[in-house]
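Asks: after the sequence you'll find the predicted model.
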Number of protein chains: 4
Amino acid sequence: MATIGFIGLGNMGGPMAINLLKAGHEVNAFDLSQAALDTVAAEGGHAAASAVEAATGADFIVSMLPAGVHVEGLYQTGAAPLFDVISKDALIIDSSTIDAATAQRVSAAANERGLSFIDAPVSGGVGGAVAGTLAFMVGATEAQFAKAKPILDCMGKNIFHAGQSGAGQIAKACNNMLLSILMAGTSEALNMGMKNGLDPAVLSEIMKQSSGNNWALQVYNPVPDVMAGVPSSNGYQGGFQVDLMFKDLGLAMELSQQSNSPVPMGSAARSLFSLHKSKGNGGLDFSSVIKLYQDS
Amino acid sequence: MATIGFIGLGNMGGPMAINLLKAGHEVNAFDLSQAALDTVAAEGGHAAASAVEAATGADFIVSMLPAGVHVEGLYQTGAAPLFDVISKDALIIDSSTIDAATAQRVSAAANERGLSFIDAPVSGGVGGAVAGTLAFMVGATEAQFAKAKPILDCMGKNIFHAGQSGAGQIAKACNNMLLSILMAGTSEALNMGMKNGLDPAVLSEIMKQSSGNNWALQVYNPVPDVMAGVPSSNGYQGGFQVDLMFKDLGLAMELSQQSNSPVPMGSAARSLFSLHKSKGNGGLDFSSVIKLYQDS
Amino acid sequence: MATIGFIGLGNMGGPMAINLLKAGHEVNAFDLSQAALDTVAAEGGHAAASAVEAATGADFIVSMLPAGVHVEGLYQTGAAPLFDVISKDALIIDSSTIDAATAQRVSAAANERGLSFIDAPVSGGVGGAVAGTLAFMVGATEAQFAKAKPILDCMGKNIFHAGQSGAGQIAKACNNMLLSILMAGTSEALNMGMKNGLDPAVLSEIMKQSSGNNWALQVYNPVPDVMAGVPSSNGYQGGFQVDLMFKDLGLAMELSQQSNSPVPMGSAARSLFSLHKSKGNGGLDFSSVIKLYQDS
Amino acid sequence: MATIGFIGLGNMGGPMAINLLKAGHEVNAFDLSQAALDTVAAEGGHAAASAVEAATGADFIVSMLPAGVHVEGLYQTGAAPLFDVISKDALIIDSSTIDAATAQRVSAAANERGLSFIDAPVSGGVGGAVAGTLAFMVGATEAQFAKAKPILDCMGKNIFHAGQSGAGQIAKACNNMLLSILMAGTSEALNMGMKNGLDPAVLSEIMKQSSGNNWALQVYNPVPDVMAGVPSSNGYQGGFQVDLMFKDLGLAMELSQQSNSPVPMGSAARSLFSLHKSKGNGGLDFSSVIKLYQDS
């Protein structure tokens, strides 16, 4: 069993750390929130007094932070950079969803110091974090990936090796941009059908069995009461918030800008989520974008 | 076995008529092209000298025409309208892809004359027409649908009852608009990944197993050589032409305009197919839209 | 002075007919609304009992109708087509805003019967109609244009010869599509500036004197109280309604579809006006589209 | 007369520095390119050996750099930050076009050290820089603006006080986003007119005198040979490059993301310039975007 330093115990990070504990690993956890620390300690984790304490001596360091600036600060440019204390034998797994350029820059800086840093953002939401069924998209060498996999297996179900450093962030940005397109597109197709008298359940079934088939129709229908147990049937509570989708679309736009990859559909989707968010819906599940389309 | 008048023996209509013959029905076929007529006659069909001859005395009339104006002309407003000769016991099945408003208008005109007209556009392409695996989206009453189903079963695999008159055309417009969104969105996500160094096969697999999953990733990948047997791996030959997708998106825009259904994503997709078509690509399969994104 | 048959005395047509009367012409007017007829009669017009009566014997026929289907019905395909009674010496001026294809088709039908029909849609709104300062965009031969001009001069200020038959409708569709783009674009630039703390009057002035200069900044600022006497400073009352802009954008989409002219910006603008209209704002002035952008 | 340290003598900065010399100021100039330095020295400037030398003892420091990261590095975070040497009496004028967030951050850092930093990006291109007719959009306090104005007057014609720190960058981002919308919108309206048989000069004139009027129609028509002396009539050489417009649209997207300002039209325009750039047109004038629309 490994000793794992875990930094960032939020809605996602907390359950991930607990799944590592359940798998028998030793977890030295740190978060700025004492409540978050207490939750993990109650499951057998060690509540470290600082990120430096959590990382010192660990075999693996897992981080789950809000943005690239936090990741870069934590490891490299902050007041107490972890790169100063992390063992050369350790593997750093950053599971934050951040811009690919920062991930690549921090990984390169790690390499220069003889350290090993990989990007491994997740998808699957809080539910997947709790259940240990997250998908991980990993940017790493073959050797790094092989070393990370047993640890990631404790927290997720599908562990994808997307490519070299940064590839995990790139894959996630591409996937989530496509997801935003699927959800907005499905919403507007269903809304147009409904405005013309079709039953959304019937139309959903037809498109699911036809060439309109996609993830939203399969497991996340945006029309209330077409499907049980999804956010649309629960007042668009829970799930994946509009605010988070908007953040991810910002990362996709950055990636598009840096690589001059045209993204007209992703840009159109981002505009819709932006309009929807500006009307006070940032805290709802992202499938609520269908409300933007509906008559009022 | 029924006597079926079949009008319109093009790339789709021809194989559909032949499948009716194979199922044992008597088919009185008509088309302006003698070659098309000959092909059906060679399979046992009767080559009628006119649409009127084909329709007279038939139990079912099936039509497969390019646009609403042809359907309205054939049945109602032309020089020799079929409504004048069709039996009151017959069922008219229009499988053309046309605007919903025309379908509803012609159906209402049929009703006024004691006739029975349903819309039943198809999806599945020439391959599906030949194999008899088309999907039919049917706008009809319950009784009309029940009567049509055994006939449609001879030509297709999935026979959907979308709703009342016009609902078949509405469902198809919604589905094909969504399809255009999926294809353009998938193309741009894959292109952005590739421009940032990812392997398209790897990224396709990741997104297919994640929330980006959709029909294009499952059976119609737009990147050459990721998938065997699809148009992208065959120079974008065959399949569903850009010209036809552009036509279907025009029908979706009409439906959107008449019902004021906002379709920002469908409109964005239509713009991309329009740009792609204007560069001389109208005859390629619609998955070739990925070429619009790529560097040259 | 000429005898003019005037069909369609709505918000635009009524004042136009009155301006013809003021210029000394004899006007035989017809409208389905008795009140509209009475208004024109009170100014000296002759209230005809039918369109046929209004058109019979006239030197010029001016029509101002809602859509292509009404124009085609009035002149050619209806129960009492005016083409049956109009003099071969007369000039028919259709000032309705309709699709170019219908304008060209009706003009060609007129030609076949030895009649003369031109398209001359207007811009300038109700205010321009009352003041006699409309702009006319005319699709006509040189000779037709020369003949029409003195009549149009009575109702407008700028009389443009756009080209041959249909060119008036094409020019208007292009102009109004561009107008929708200017208004939506100006609204979003101003909104982004305001959300970042800029004074809209200052930002408007900067952009007006820079490369962002356009008609909206010059005479129709969408932000309340930046400019006096515009709809935005009057609760978005009056002006040019969202419903009418949406109709015109539908005509632009038809033109785009028929000619495969890519219109990504016009399509994006149409989507915004469609979203705005779906929230119950169809009756507001079109500069109210800025409300779609604003936080609520 | 003042002593001015000028950092960044590129296509824009070089002529700006020369205009300061022509106005009688003393200019201590620095650039990494010796050729650029020589050009300014030939006009009477002092070629400094480093940015530090250029800034030391100056009354004003003017910088003209490619991006926010360069500005932040030059003044604050680099190896030899100018904030260490600049006099507390001096005014720092950054005329680079950079993201507003960086401008505000660097200005705040200056304030903390008792220094004075304002943002004053320009528009008007190389021609305006040479002629001394640039527009400056200034983010500054009233006192800072008053102090800067005489210096800016030497290099420009319209000096706008946009607001507080960052407001110059915000105003420029808003203006250039709107410019991209005007140019793309005008291009597609003209292209649709031309595809339907209209003369682009006639249609341009009609729209210029109507509600489609905008800067592109007034002084920068994108159709070759409609207007003399513009890039479109010179093979799209010179002017304002697609690459630069794409960079500015990236800044607008960042601003939109940080402030959640919905920018559907700006996003659509960015997508078009991105598609156009990806086909190898980055070095052409931005009005060449009309080529994206045209048949090939």
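Replies: Perfect, I can see it now.
Asks: what domains does the record give for chain A?
Replies: For chain A, automatic domain parsing gives the domain ranges A:3-164, A:170-293.
Asks: single out the most deeply packed of those domains.
Replies: Comparing the domains of chain A by mean neighbour count (mean count of other C-beta atoms under 10 Å in any protein chain shown), domain A:170-293 ranks first with a mean of 23. Yep, even glycine has a C-beta here, placed from its N, CA and C like the rest.
Asks: distance from the longest helix along chain A to the middle of the chain?
Replies: In chain A, with assignment by DSSP state H, the single longest helix is helix A:167-195. Centroid separation for helix A:167-195 versus its chain: 16 Å, with C-alpha atoms, centre = their mean, to the nearest Å.
Asks: looking at it, A:Phe286 is touching A:Gly238, isn't it?
Replies: No. With contacts counted by C-beta atoms under 8 Å, A:Phe286 stays clear of A:Gly238, the gap being 11.1 Å.
Asks: does chain B sit close to the longest helix of chain A?
Replies: Yes. For helix A:167-195 and chain B, the contact criterion (C-beta under 8 Å from any C-beta of the partner chain) is met by A:167, A:170-171, A:173-179, A:181-182, A:184-186, A:188-193, A:195.
Asks: what's the span of stretch A:254-266, first residue to last?
Replies: 12 Å (C-alpha to C-alpha, to the nearest Å).
Asks: could I get the average pLDDT for it?
Replies: For stretch A:254-266, the mean pLDDT works out to 98.
Asks: one more: stretch A:35-55?
Replies: Stretch A:35-55 carries an average pLDDT of 98.
Asks: what residues does that stretch touch?
Replies: A:5-7, A:9-10, A:13-14, A:17-18, A:21-22, A:26-31, A:61, A:74, A:80, A:82, A:85-86 (C-beta atoms under 8 Å, 6 or more residues apart in numbering or on different chains).
Asks: just the ones of the residues you listed in strands?
Replies: A:5-7, A:26-30, A:61 (DSSP state E).
Asks: how about the domains of chain A in JSON lines, adding distance to D:Val263?
Replies: Below are the domains of chain A laid out as JSON lines (distance: least, C-beta to C-beta, whole Å):
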{"stretch": "domain A:3-164", "distance to D:Val263": "20"}
{"stretch": "domain A:170-293", "distance to D:Val263": "7"}
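Asks: next one: phi and psi at the residue of the stretch 101-250 of chain A found nearest chain D?
Replies: Closest to chain D within the stretch 101-250 of chain A is A:Gly250: 4.3 Å, counting by C-beta to the nearest C-beta. With angles defined as degrees, to the nearest 10, A:Gly250 sits at phi -60, psi -40.
Asks: repeat that for A:Val219.
Replies: Dihedral angles of A:Val219 (phi, psi; degrees, to the nearest 10) stand at phi -140, psi 0.
Asks: wait, what's in contact with it?
Replies: A:227, A:230.
Asks: does A:Pro224 belong to a helix, a strand or coil?
Replies: Here A:Pro224 is recorded as coil under DSSP: H, G, I helix; E, B strand; the rest coil.
Asks: isn't it right up against A:Ser232?
Replies: Yes. Judged on C-beta under 8 Å, A:Pro224 makes contact with A:Ser232 at a distance of 4.9 Å.
Asks: where along chain A do the helices fall?
Replies: Along chain A, the stretches classed as helices by DSSP H are A:13-22, A:34-42, A:51-55, A:68-72, A:100-112, A:125-131, A:142-153, A:167-195, A:200-208, A:215-219, A:242-259, A:264-276, A:290-293.
Asks: which ones are touching the residue of the stretch 101-250 of chain A closest to chain D?
Replies: Counted by C-beta under 8 Å, 6+ apart, A:Gly250 has contacts A:270, D:257.
Asks: at 6 Å instead, please
Replies: Counting by C-beta atoms under 6 Å, 6 or more residues apart in numbering or on different chains, A:Gly250 makes contact with D:Gln257.
Asks: pLDDT value on it, please?
Replies: pLDDT at A:Gly250 comes out at 98.
Asks: how close does it get to D:Gly250?
Replies: Applying C-beta to C-beta, to the nearest Å, the value for A:Gly250 to D:Gly250 is 12 Å.
Asks: distance of the residue in chain A sticking out farthest from the centre relative to C:Gly114?
Replies: What lies farthest from the middle of chain A is A:Gly197; by C-alpha atoms, centre = their mean that is 37.4 Å. Distance from A:Gly197 to C:Gly114, counting by C-beta to C-beta: 46 Å.
Asks: could you list which residues are in contact with the spatially closest residue to A:Pro264 that is not a sequence neighbour?
Replies: Counting by C-beta to C-beta, 6 or more residues apart in numbering or on different chains, D:Ser271 is the residue found nearest to A:Pro264 once chain neighbours are left out, at 3.7 Å. By C-beta under 6 Å, 6+ apart, the contact set of D:Ser271 is A:262, A:264, A:267.
Asks: now, among those, which is nearest to C:Ile290?
Replies: Using C-beta to C-beta, A:Ser267 comes nearest to C:Ile290 of those, at 20.4 Å.
Asks: right, and that closest one touches D:Ser267 too?
Replies: Yes. Using C-beta atoms under 6 Å, A:Ser267 is in contact with D:Ser267, at 4.0 Å.
Asks: can you tell me how far A:Gly114 is from A:Asp94?
Replies: The gap separating A:Gly114 from A:Asp94 is 18 Å, by C-beta to C-beta.
Asks: same thing with A:Phe246?
Replies: According to C-beta to C-beta, A:Phe246 and A:Asp94 sit 22 Å apart.
Asks: low-confidence regions, chain A specifically.
Replies: Counting by pLDDT under 70, chain A contains no low-confidence range.
Asks: near chain D, which residues of it are found?
Replies: Residues of chain A found near chain D (C-beta under 6 Å from any C-beta of the partner chain) are A:250, A:253, A:257, A:260, A:262, A:264, A:267, A:271, A:274-275, A:277-278.
Asks: surely A:Val223 meets A:Pro200?
Replies: Yes. A:Val223 lies in contact with A:Pro200 (C-beta under 6 Å); the separation is 4.3 Å.
Asks: what do those two both touch?
Replies: Common contacts of A:Val223 and A:Pro200 (C-beta under 6 Å, 6+ apart): A:Leu190.
Asks: returning to what we had before: and the longest helix of chain A with helix A:242-259, angle?
Replies: Here helix A:167-195 points in a direction 120 degrees away from that of helix A:242-259 (axes from the mean of the first three to the mean of the last three C-alpha atoms, to 10 degrees).
Asks: now helix A:167-195 against helix B:264-276, angle please.
Replies: Using the same axes, to 10 degrees: helix A:167-195 against helix B:264-276 is 110 degrees.
Asks: and helix A:167-195, does that touch chain C?
Replies: No. Helix A:167-195 is not in contact with chain C by C-beta under 6 Å from any C-beta; minimum separation 8.9 Å.
Asks: tell me the angle of that helix relative to helix A:200-208?
Replies: Interaxial angle, helix A:167-195 versus helix A:200-208 (the same axes, to 10 degrees): 130 degrees.
Asks: next, the angle helix A:142-153 makes with helix A:167-195.
Replies: 50 degrees.
Asks: hang on, the earlier thing: between the residues of chain A next to chain D, which is closest to D:Val138?
Replies: The nearest member of the residues of chain A next to chain D to D:Val138, counting by C-beta to C-beta, is A:Gln257 at 26.3 Å.
Asks: which residues touch the closest one?
Replies: Residues near A:Gln257 by C-beta under 6 Å, 6+ apart: D:Gly250.
Asks: packing partners of the longest strand anywhere in chain A?
Replies: Counting residues, the longest strand in chain A under DSSP E turns out to be strand A:156-163. With contacts defined as 3 or more C-beta pairs under 6 Å, 6 or more residues apart in numbering or on different chains; DSSP states H and E, the packing partners of strand A:156-163 are strand A:134-139, helix A:142-153.
Asks: with that, I have no additional questions.
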